[in-house]
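Asks: Sequence first, then the predicted structure:
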Amino acid sequence: MPFPTGTSRRRALLGAVLALGLTVAGSACNSGDGAGGTPGTIKIGLLASLSGTYEAVGTEMRDGFELYLRMHDGKLGGHKVDLVVADEGNGAQTAVPAATKLIKQDRVQVLTGIVGGGSVAGVAPVLAEAKIPFVGSNGNPGLKDISRSWFTSYLSDETGAAIAEYVRDNVKGEVFAIGPDYQGGHDQLRGFTDTFTKIGGKLANADGKTLWTPFPATTNFLPYFAQIEASGAAAVYTFYAGNAAVDFVKQYAQSEIKDLPLYAAGFLTEGGVLNAQGEAARNIYSVLNYSPDLDNAENRSFVAAWKEDHDGSPTTYAMASYDAAAVLDKAIGAAGDNPTPEEINNALAGLGQIDSPRGTWQFSKETHSPVQKWYLRQVRQDGRALSNTVVGDLATVGG
């Protein structure tokens, strides 16, 4: 389910992109000096889910990167950008051939994007063979070799870890953990359950382990809610995203456990899924590294520019991809007139603090993921609509 985007605005954005000389499909790379000795073109591949379960997430990631380009005259580091966009699909089985084409046929010099942690892990050997840098803007399973991999999002287990202490302190009783049975779900729930139990929290799950739901097949959550009710849990912690998040929240609000407080990784109510969930999402608490109501200059500029071409506010997916373009802007600029992939990667390693819509952050030297602040949000009324409203700061996690 794509995030709501006005058709006329989409066409206007595409026209602006084309006017800047960008491409959204493969074309010849014009690296090397341009006319008059100007810096040559940089060819960048953007891989994201533009179909399937996480189409909405991938669409926001693509649009966030394109927005940064539009705001910077279609250039990064002084170089015109030839952007090649490809569809990741639902996971590694489609992501790997798409990435292979970007690298071997389209000959991109940098890869960015990728929604799923499983897709990141699957594409990693292709990137290693090609020796090109990867600036991931969503899924991050924690790779063994990060020498050419950088992430503007988070480590997948950090989300749950950041809210675990808050849940322990505010729930009087045991918490039931439930999530989707695939790598991203495993990472997200492990971050919560490992930290929560380590600091003295107790899980209501009968075996002390997360209850997994088949992915992407599960659309009826009512049998699982019956198990939660039987456990005597005082609250629930979960992670779902995309269409599954809509199904989960709507059915939760109509189930026998509707009065149990629901805590979640912020993706449960992020972006267009919140519009689809409607009143069912009211009062859900979530943890995330971004909210469009953060009060800083970078965020005000980002949100205003986003709203020129989109209905609604930007999400963490769009923000992280916007930041991927921002760090590449700095790195490519530092790498000289004709930067090689190796020189761009070395420049990424030398970056310091990044001014971002989420607040200032920097890459961890140990994980190449952001050292960043996480925020507690609650779905509340904001004018005529429900919104993920920041209600407090949680932990600074990373590195």
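Replies: Yep, it's here.
Asks: need the strands for the stretch 1-150 of the chain, in chain order.
Replies: Secondary structure of the stretch 1-150 of the chain (DSSP state E, counting those that start in this stretch): strands located at 42-48, 75-76, 79-87, 110-113, 134-136, 149-151.
Asks: The third one pairs with which strands, parallel or anti?
Replies: On the basis of DSSP bridges, the sheet neighbours of strand 79-87 come out as strand 42-48 (parallel), strand 75-76 (antiparallel).
Asks: Mind listing what's buried along the helix or strand containing residue 179?
Replies: Counting by DSSP states H and E, the element that carries residue 179 is strand 175-181. Of all the residues in strand 175-181, those buried under the rule 16 or more other C-beta atoms under 10 Å are 175-180. Bear in mind the C-beta positions are built from the backbone N, C-alpha and C, glycine included.
Asks: what residues does that strand touch?
Replies: Strand 175-181 is contacted by residues 167, 185-186, 188-189, 192-193, 196, 201-205, 210-216, 218, 224, 228, 231, 233-240, 244, 263 when judged by C-beta atoms under 8 Å, 6 or more residues apart in numbering.
Asks: Report the buried members of these.
Replies: The neighbour-count criterion (16+ other C-beta under 10 Å) marks 167, 185-186, 188-189, 192-193, 196, 201, 203-205, 210-213, 215-216, 218, 224, 228, 231, 233, 235-240, 244, 263 among these as buried.
Asks: if we can go back for a sec, and the strand holding residue 179, average pLDDT?
Replies: Over the span of strand 175-181, the pLDDT mean works out to 98.
Asks: Domain ranges for this protein, per the record?
Replies: Per the record, the chain has its domains at 7-154+295-368, 158-288+375-397, by automatic domain parsing.
Asks: Worst mean pLDDT among the ones you listed?
Replies: Set side by side, the domains of the chain differ in mean pLDDT, and domain 7-154+295-368 is lowest with a mean of 87.
Asks: Just give me how far that one sits from the chain centre.
Replies: Distance of domain 7-154+295-368 from its chain centroid, counting by C-alpha atoms, centre = their mean, to the nearest Å, is 12 Å.
Asks: Show the contacting residues for residue 81.
Replies: Neighbour list for residue 81: 22, 41-44, 69, 74-75 [criterion: C-beta under 8 Å, 6+ apart].
Asks: typo on my end, it should be residue 136
Replies: By C-beta under 8 Å, 6+ apart, residue 136 lies in contact with 112-114, 120, 149-153, 324.
Asks: Now do the helices in the chain.
Replies: Read by DSSP state H, the chain holds these helices, from start to end of the chain: 7-19, 55-71, 92-104, 117-130, 158-170, 183-198, 222-231, 242-253, 272-277, 297-309, 316-334, 341-349.
Asks: Dump those helices into TSV; add distance to residue 365 as well.
Replies: Conversion of the helices of the chain to TSV gives the following (distance: least, C-beta to C-beta, whole Å):
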stretch	distance to residue 365
helix 7-19	35
helix 55-71	25
helix 92-104	26
helix 117-130	20
helix 158-170	16
helix 183-198	21
helix 222-231	41
helix 242-253	33
helix 272-277	35
helix 297-309	23
helix 316-334	15
helix 341-349	8
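Asks: mind checking which of those helices is nearest residue 285?
Replies: Ranking those by proximity to residue 285 (C-beta to C-beta) places helix 158-170 first, at 8.0 Å.
Asks: what's the closest one in contact with?
Replies: 175, 188-196, 199-201, 235, 237, 239, 263, 265-266, 285, 287-288, 369, 374, 376, 394-395, 397-398.
Asks: In PDB, list the C-alpha atoms belonging to that helix.
Replies: As requested, the backbone C-alpha atoms of helix 158-170 are provided in PDB (Å, rounded to 0.1, in the frame of the first residue of the first chain):
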ATOM      1  CA  GLU A 158      18.500  -1.000  18.600                       C
ATOM      2  CA  THR A 159      14.900   0.000  18.300                       C
ATOM      3  CA  GLY A 160      13.600  -2.400  20.900                       C
ATOM      4  CA  ALA A 161      16.700  -1.900  23.100                       C
ATOM      5  CA  ALA A 162      16.000   1.800  23.300                       C
ATOM      6  CA  ILE A 163      12.500   1.400  24.700                       C
ATOM      7  CA  ALA A 164      13.000  -1.600  26.900                       C
ATOM      8  CA  GLU A 165      13.800   0.300  30.100                       C
ATOM      9  CA  TYR A 166      10.700   2.600  29.600                       C
ATOM     10  CA  VAL A 167       8.400  -0.500  29.300                       C
ATOM     11  CA  ARG A 168       9.900  -2.100  32.300                       C
ATOM     12  CA  ASP A 169       9.400   1.000  34.400                       C
ATOM     13  CA  ASN A 170       5.800   1.700  33.200                       C
END
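Asks: tell me which residues in it are buried?
Replies: The neighbour-count check on helix 158-170 (16+ other C-beta under 10 Å) flags 158-168 as buried.
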